[in-house]
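>>> sequence first, then the predicted structure:
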Amino acid sequence: MSNLDIYMPILMLLLLGVLLVGITVVLISKVVRPHNPNPVKEQAYECGEDPVGSAWSLFNMRFYVTGLIFIIFDVESALMFPVVAVFKSMNEIGLGGLVLIELIIFITILVAGLAYCWRKGDLDWVKSYKMSEDSKEGTGIEND
Amino acid sequence: MTDTIVSYLAKFGPFKDLLEFLTESYGANGPTLFAFLIFLVGVIIIVTILSTIGGLGTYAERKISADMQLRMGPNRVGPYGILQFLADGVKMLMKEDIVPKDVDRLLFFIAPMLALTGVFGTLAVIPFSSGFTLTDLNVGVVYLIGISSLVGLAIFLGGYASNSKWSMLGGMRGASQIISYEIPIVLSILAVVLLSGGLSFGVITRAQGGWPHEWFIFHNPFTFIGFFVLFIGSLAETNRAPFDLPEAESELVSGYHTEFTGMRFAFFALAEYIEVFVVCGVTAALFLGGYQVPFNLGGDTIWGQLLQLGAFFSKTLALYYFVIVIRWTLPRLRVDQLMTMCWKYLIPIALFNLVGAGVWMWLFKGKSLFVLLFKSGTAAAGIH
């Protein structure tokens, strides 16, 4: 068994997922299901109203900000994986403190970034622009 | 050598003979062919079993919700209605496949495929028992997180390709929710990796024991909190209530799969229910001792393997039951509450847990809370 053989089931599972959907939707189901399209049926569902315009329109800016913060956190947590994986063996030879300090420094930077976003109000779904100008009082908008 | 189902089965007589026969017939390609055959059979068996579990999951969902609401639930098809999922499957197969004329046809076709592929891909590393793990990759945890994010992609693509406002809203909510809750999940898993010193599910499971006090959930206070962070995050990852905003049926009709009919919808549903099983299994493997049996009963024999399978499945299905009960107990969160929950509570808690677990490991040389409380106490008493 060569080294790459251990990845064989992954390829099989992925192929099986593709084939299962493909064969069922395209072949098996096609034989037994009816096919009577009409213009009303082919509309996008909008609770009985005629749909107005396309759904591919501008979307809320919040999703973009969430995605941006996510990428930073995801990359940082991916970088932590190797450090964390060797921690136990390093701890057993007495170097655990060193690794731990590195980890804490790294997480501190991460937390500083999170605190900055929090302070700027980027973690709030409804961002109040007053809040970023340090005048939270009197706006009636709580940090929810 | 990575533990795989092949290296496990190759220890037994008939398989050893098969391996020798293939090696004689095909030379250097023999072992690869042997691995191919075993993997193929294993993959088909596991996919069949997991699909059945996914189908039974829909039945369990309806039956348990009916139980909680003092209804009967499905009770016509088969004894106690247990064949309901087969009847549903046949119905889905015979439903007309409506493709609205404004959809992006390619993505509309690919979306359910991606959902199922992403979920099936995770099955490769799930540690059902010490022998019956398809392949115990040395980067198993990273692989699992990576491949399961295909489901998030499928949800967004499904919403986007439909060109319907409900679907689009559901898809965007789903995307932001899934990527947000991935971070607390990864951070909680990092704490477990820190305790066990390996990224493969085999290493993590073997670092625990059969008794509850040897599980990572009771290893120290930080992992105890980490378990709940992972569990809540998993609920959100799989779009289960109270985090089912992408398909919130009372506000978005059906969310990202509004426009999907027939088998396409069925595959989304199947993928969701298998994914719930997978995340429950992962939670059980990471925090609840996985397949470990007390006293290592049965050892390496076939009975030992069956006991391990039983231990893994009972832990996983207990969590599965809990997930279903939660769905029918808690109301849905609003989208701003969802984001607050993730970014302002779970992520700081998970980061604190990670550092806390590291400090605990360093201070107490990796001993668990139980060992510190009882074992060291008896040792000290012995000195006096």
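Happy to help now that I have it.

>>> ok, now which ones touch residue B:156?
Residue B:156 sits next to B:171-172, B:174-175, B:256 when contact means Cβ atoms under 8 Å, 6 or more residues apart in numbering or on different chains. Where you see a C-beta, it was placed from the backbone N, CA and C, and this is true even at glycine.

>>> go again with 10 Å.
B:107, B:111, B:114, B:168, B:170-176, B:178-179, B:246, B:256 (Cβ atoms under 10 Å, 6 or more residues apart in numbering or on different chains).

>>> okay, now the closest residue to chain A within the stretch 101-250 of chain B: neighbour count?
Among all residues of the stretch 101-250 of chain B, residue B:197 sits closest to chain A, at 2.8 Å; criterion: Cβ to the nearest Cβ. When neighbours are counted by other Cβ atoms under 10 Å in any protein chain shown, residue B:197 registers 20.

>>> swap in residue A:108?
Using other Cβ under 10 Å, residue A:108 has 12 other residues around it.

>>> what comes up buried for the helix or strand residue B:337 falls within?
Following DSSP states H and E, one finds residue B:337 within helix B:335-340. Buried positions in helix B:335-340, judged by neighbour count with 16 or more other Cβ atoms under 10 Å in any protein chain shown: B:335, B:338-340.

>>> residue ranges with poor pLDDT in the chain?
Just going to use chain A. Applying pLDDT under 70 to chain A picks out residues A:1-2, A:127-144.

>>> look at chain B instead
Within chain B, the stretches with pLDDT under 70 are B:1-2, B:376-384.

>>> excluding sequence neighbours, find me the nearest residue to the residue in chain A that chain B sits nearest to.
Using Cβ to the nearest Cβ, the single residue of chain A nearest to chain B is residue A:88, 2.8 Å away. Once flanking residues are discounted, residue A:88 sits nearest to residue B:197: 2.8 Å by Cβ to Cβ, 6 or more residues apart in numbering or on different chains.

>>> what's the nearest residue to residue B:5 if we skip its chain neighbours?
Residue B:5's closest residue in space is residue B:42 (Cβ to Cβ, 6+ apart), at 5.0 Å.

>>> buried sites along the lengthiest helix in chain B?
In chain B, with assignment by DSSP state H, the single longest helix is helix B:30-68. Across helix B:30-68, burial judged by 16+ other Cβ under 10 Å covers B:30-32, B:34-36, B:38-39, B:42-43, B:46-47, B:50-51, B:53-64, B:66.

>>> kindly report the same for stretch A:69-80.
Buried-residue list, stretch A:69-80, by 16+ other Cβ under 10 Å: A:69-70, A:73-74, A:76-77, A:80.

>>> secondary structure element for the residue lying farthest from the centre of chain A, which one?
The C-alpha centroid of chain A is most remote from residue A:36, which lies 38.5 Å away (Cα atoms, centre = their mean). Counting by DSSP H and E, no helix or strand carries residue A:36.

>>> next: residue B:6.
Element membership of residue B:6, judged by DSSP H and E, is helix B:5-9.

>>> mind giving me the packing neighbours of that helix?
Judged by 3 or more Cβ pairs under 10 Å, 6 or more residues apart in numbering or on different chains; DSSP states H and E, helix B:5-9 is in contact with helix A:8-22, helix B:13-26, helix B:30-68.

>>> check whether the second one contacts chain A.
So that's helix B:13-26. Yes. Contact between helix B:13-26 and chain A, assessed by Cβ under 10 Å from any Cβ of the partner chain, occurs at residue B:19.

>>> relative to residue A:88, how far out is whatever residue of the stretch 201-350 of chain B ends up closest to chain A?
Nearest residue of the stretch 201-350 of chain B to chain A: residue B:336, at 3.3 Å (Cβ to the nearest Cβ). To residue A:88, residue B:336 is 40 Å away according to Cβ to Cβ, to the nearest Å.

>>> ok, residue A:65 next?
Applying Cβ to Cβ to residue A:65 and residue A:88 gives a distance of 37 Å.

>>> and residue A:113, by the same measure?
28 Å.

>>> tell me which of these two has more neighbours.
Between residue A:113 and residue A:88, counted using other Cβ under 10 Å, residue A:88 has the larger neighbour count: 20 against 14.

>>> assumed the more buried one was part of a helix.
Yes. Under DSSP: H, G, I helix; E, B strand; the rest coil, residue A:88 sits within a helix.

>>> which residues touch it?
Taking Cβ under 10 Å, 6+ apart as the criterion, residue A:88 is in contact with A:96, A:99, B:193-198, B:203, B:207, B:361, B:366.
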